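Chemist: The sequence and its predicted three-dimensional model are supplied below.
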Amino acid sequence: MVTLKELADIVQGTVVGNPTLKIKGVSTIQDGKPESITFVAHPKYFKFVQSTEASAVITSDIKNLKNKDGIIVKNPQIAVAKVLGHFSPKDPPPKGIHETAIIDPDAKVGKNVSIGPYTIIEKGVILGDNVILGANNVINTDSAIGHDSMIKSNVHFYPQTKIGERCIIHSGTVLGSDGFGYVSQKDAHLKIPQNGKVLIGNDVEIGANCTIDRGTIDNTTIGEMCKFDNGVQIAHNVTIGKGCLLTAHVTIAGSTKVGEFCLFGGQAGAIDHITIGDRAVLACYTVAMKNLKGGKIYSGVPAREIREKNRQDAVHIEVKQLKKRLNRLEEKFKVIS
């Protein structure tokens, strides 16, 4: 349990009300619990402030508190993320190297590294300091994992896969598998060798069951600070700029270049050999089928700037309505004649 003042110090906010109020957890504003703290950022949730049973509220404006205890911050979402971190279950950090782990003598293992049961570390692998590897991982030849990174269980690094510092890779992810490359001739499919690597920057988090393919000749690269949801597929030779957010089941086809700080909604994607500019936003289910300028919001298949898409959709609806009216007029003329 912690006081409201102590939480305010964590989020660098200002206490309104009782600074010694005891808080033991976080709850949603609609399902607020006594002795918990909640937050409100979007106007549509302001109506729940008076009725919530939460003991305190994090918000950006004292007017939103409605005489309740709370903390005033610039960004309530960032603040609640820090509070959730404070209350998150603290699993004891794994210690040492499990007796069933298999580590090649030529691998370089940093200080304070933890390696779980049945994990395999092959020749030439470099593990930075404070790296944590869960159970049943396979780290193939000449791969590298930067300082303070965490690899959950059942992750596979193919040869020469390299990730930066402070990365998190979730279970079931495969990094550096062969790209889908074939030459078809006379009903036969000749496999194209994939000789590139996968290179991932610092502070990247990759969700569960993602696949990032190695390049054919050049490398597949993921910039620093990127965050991938579960089930993301990145094909060979793709370049993802720093700070991009890719939500569930996004697919980026081969040799496409994605700029910095782009956002892809669920099941959005891009075909091969195109370029998407910095800070582009692709809504859910959107497919980029040509180069897209940065700084714009796109929707639909093929991807269109959302203003243009809405205009075209409105015209389409209007045309359908006019067609119905024309059909009714034709029927009237038939009756008259």
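Modeler: Nice, I can see it. Numbering: from 1, shown residues only.

Chemist: Burial check on the nearest residue to residue 232 once chain neighbours are set aside, number of neighbours?
Modeler: Distance criterion C-beta to C-beta, 6 or more residues apart in numbering; nearest residue to residue 232, sequence neighbours excluded, is residue 210 at 4.5 Å. For the C-beta atoms, the positions are set from N, CA and C on the backbone; glycine is no exception. Per other C-beta atoms under 10 Å, the neighbour tally for residue 210 reads 24.

Chemist: so residue 210 sits right up against residue 227, yeah?
Modeler: No: counting by C-beta atoms under 8 Å, residue 210 does not reach residue 227; the two are 11.2 Å apart.

Chemist: before we move on, the earlier item: starting from residue 303, give me the distance back to the residue nearest to residue 232.
Modeler: According to C-beta to C-beta, to the nearest Å, residue 210 and residue 303 sit 22 Å apart.

Chemist: Who does the spatially most central residue of the chain form a beta bridge with?
Modeler: By C-alpha atoms, centre = their mean, the chain has its centre lying nearest to residue 228, at 3.0 Å. Taking DSSP bridges as the rule, residue 228 bridges to residue 206, residue 246.

Chemist: my guess is it meets residue 205, correct?
Modeler: Yes: between residue 228 and residue 205 a contact is recorded at 7.0 Å, counting by C-beta under 8 Å.

Chemist: And residue 290, how far from residue 279?
Modeler: Look at residue 290 and residue 279: by C-beta to C-beta, they are 18 Å apart.

Chemist: Neighbour count: these two, which is higher?
Modeler: More crowded of residue 290 and residue 279, by other C-beta under 10 Å: residue 279, with 17 against 11.

Chemist: I'd guessed the more buried one sits against residue 244; true?
Modeler: No: in this structure, residue 279 is not within contact of residue 244 by C-beta under 8 Å, at 9.7 Å.

Chemist: list residues touching both of the two?
Modeler: Between them, residue 279 and residue 244 share these contacting residues under C-beta atoms under 8 Å, 6 or more residues apart in numbering: 260, 261, 262.

Chemist: Please report which of those residues has the highest neighbour count.
Modeler: Result: residue 262 is most packed of these (other C-beta under 10 Å), 23 neighbours.

Chemist: what's that one in contact with, if anything?
Modeler: Contact analysis of residue 262 by C-beta under 8 Å, 6+ apart lists 241, 244, 245, 276, 278, 279, 280, 281, 282, 294.

Chemist: contacting residues for the closest residue to the first one other than its chain neighbours?
Modeler: Once flanking residues are discounted, residue 241 sits nearest to residue 260: 3.6 Å by C-beta to C-beta, 6+ apart. The contact partners of residue 260, by C-beta under 8 Å, 6+ apart, come to 223, 241, 242, 243, 244, 278, 279.

Chemist: ok, so of those residues, who is nearest residue 18?
Modeler: Nearest to residue 18 out of the contacts of residue 260 is residue 243 (C-beta to C-beta; 39.2 Å).
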